[in-house]
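Q: model the structure of this input:
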Amino acid sequence: MIKILLPANVLGSVELSSTKEKLFIDVYNDGDYEKKLLEEFWDIVMGPKKFDTFTTIFVSSTDAVSLAIKYLESRIELEEMKKRHEVLYSYAELQGPTCHQVLRELQKLKHGPEQMIVLVAERGVHLLAYLEYLSAGRYSQIEETVFEVHLDGKAKMVLFSEHPLEGFYNFRIPPLRERKNDIPYMVDWTLSSIHQKHKYLPVNFPSEEIMDLFLKYDWPGNTEELIKVVHMYSAGLDVIGYFASSLPNVEKEEVRLVDYVKKIVATVEKRTIKTMLEKYKWNRKKVASILGLNYKTLCYKIKKYGITRH
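A: The predicted structure is shown next:
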């Protein structure tokens, strides 16, 4: 909203029809000018400047009023762009190329005819992030899952739902299992956020094997679950065990759960042995001692995994 104070005798001569923003206009007569100035915080005032203010533009002509409105419209649009840019880096939910494509499609609704928009997503998807991005923060909550947003000066209603609602425009947000190429970006963002808040924690990004687990898991709890598991990983907890006990769709890939876990453990074990051998210049006895393995067992595993010295 742009708030304007005008002399009563010029109200009909100011060009106001082209503005996108909602206008609040009041008028003053000669005797009540200063009183009117103090009643509201004005964006534009046509009249003499009586005091210093950082928020009010004082002008002396009707043409200048029109120019000031256009200037404020441009400034509001720039502030919205800045807000959307900040929102992009404020939520784990909004990271990754698939999500950015979703956001581009969502932005088209800003100029569309739809008056009632339903954001449809499974539980665990952070829908507030999409609402923040769409409205650049210009919204108010009406009920728990109902919001009024202001887009291009027009009010629209946005609803959150786990299922499409008949009679409304439904915009589907894909679950995490359908946007797995976003997961490395979301993990990176979440870990960076953790380390920003807890600088005493060592920076430890997932190995290739651990990231493979993140990508193969189907995330029934979506972003909410992902953030929980990344916090577990950052705290040094057993995420391999978490995935092993939580995988719901392994049978669909015709792989027994036990075999799947063994494969992951073997991959991690191979990488650990190879790293330690390189670190200690292939001193097998020392590596066996450090890893708590029998020397013959270590030699067997080196042969089993095909680990060679370069």
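Q: in the helix or strand encompassing I210, what's buried?
A: When elements are assigned from DSSP states H and E, I210 belongs to helix 208-216. When neighbours are counted by 16 or more other C-beta atoms under 10 Å, the buried residues of helix 208-216 are found to be E209, I210, L213, F214, K216. Where you see a C-beta, it was placed from the backbone N, CA and C, and this is true even at glycine.
Q: same deal with stretch 223-236?
A: By neighbour count on 16+ other C-beta under 10 Å, the buried set for stretch 223-236 is T223, E225, L226, I227, V229, V230, Y233, S234.
Q: what packs against the host helix or strand of the third one?
A: Remark: L226 resides in helix 222-234, with elements defined by DSSP H and E. Helices and strands touching helix 222-234, as assessed by 3 or more C-beta pairs under 8 Å, 6 or more residues apart in numbering; DSSP states H and E, comprise helix 183-197, helix 208-216, helix 239-246.
Q: residues of the longest one that come out buried?
A: For helix 183-197, burial by neighbour count (16+ other C-beta under 10 Å) applies to I183, P184, Y185, M186, V187, D188, W189, T190, L191, S193, I194, H195.
Q: so what touches it?
A: When contacts are defined by C-beta atoms under 8 Å, 6 or more residues apart in numbering, helix 183-197 is touched by residues 92-93, 95-97, 176, 201, 203-206, 211, 214-215, 223, 226-227, 230-231, 233-234.
Q: now with 7 Å?
A: Contacts of helix 183-197 with the rest of the structure, by C-beta atoms under 7 Å, 6 or more residues apart in numbering, involve 92, 95-96, 201, 203, 205-206, 211, 214-215, 226-227, 230-231, 234.
Q: what angle do that helix and helix 208-216 make?
A: Using axes from the mean of the first three to the mean of the last three C-alpha atoms, to 10 degrees, one finds that helix 183-197 and helix 208-216 are set 120 degrees apart in direction.
Q: starting at the chain centroid, how far to helix 183-197?
A: Averaging C-alpha coordinates over helix 183-197 and over its chain gives two centres that are 12 Å apart (C-alpha atoms, centre = their mean, to the nearest Å).
Q: mind checking the SS state of N9?
A: helix (DSSP: H, G, I helix; E, B strand; the rest coil).
Q: so where do the helices sit in the stretch 1-150 of the chain?
A: Listed in chain order, the helices of the stretch 1-150 of the chain (DSSP state H, counting those that start in this stretch) span residues 33-39, 62-88, 97-107, 127-135.
Q: deepest in the core, which of those is it.
A: With neighbours defined by mean count of other C-beta atoms under 10 Å, none of the helices of the stretch 1-150 of the chain is more surrounded on average than helix 127-135, at a mean of 21.
Q: helices or strands next to that helix in the packing?
A: With contacts defined as 3 or more C-beta pairs under 7 Å, 6 or more residues apart in numbering; DSSP states H and E, helix 127-135 has these neighbours: helix 62-88, helix 97-107, strand 146-151.
Q: repeat that with 6 Å
A: On a contact count with 3 or more C-beta pairs under 6 Å, 6 or more residues apart in numbering; DSSP states H and E, helix 127-135 meets helix 62-88.
Q: redo the helices and strands packed on helix 222-234 as TSV? Include distance to V287 and mean pLDDT.
A: Conversion of those to TSV gives the following (distance: least, C-beta to C-beta, whole Å; pLDDT from 0 to 100):
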stretch	distance to V287	mean pLDDT
helix 183-197	29	90
helix 208-216	19	88
helix 239-246	22	81
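Q: got those as JSON lines, with distance to K154 columns?
A: Converted to JSON lines, the helices and strands packed on helix 222-234 look like this (distance: least, C-beta to C-beta, whole Å):
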{"stretch": "helix 183-197", "distance to K154": "33"}
{"stretch": "helix 208-216", "distance to K154": "41"}
{"stretch": "helix 239-246", "distance to K154": "44"}
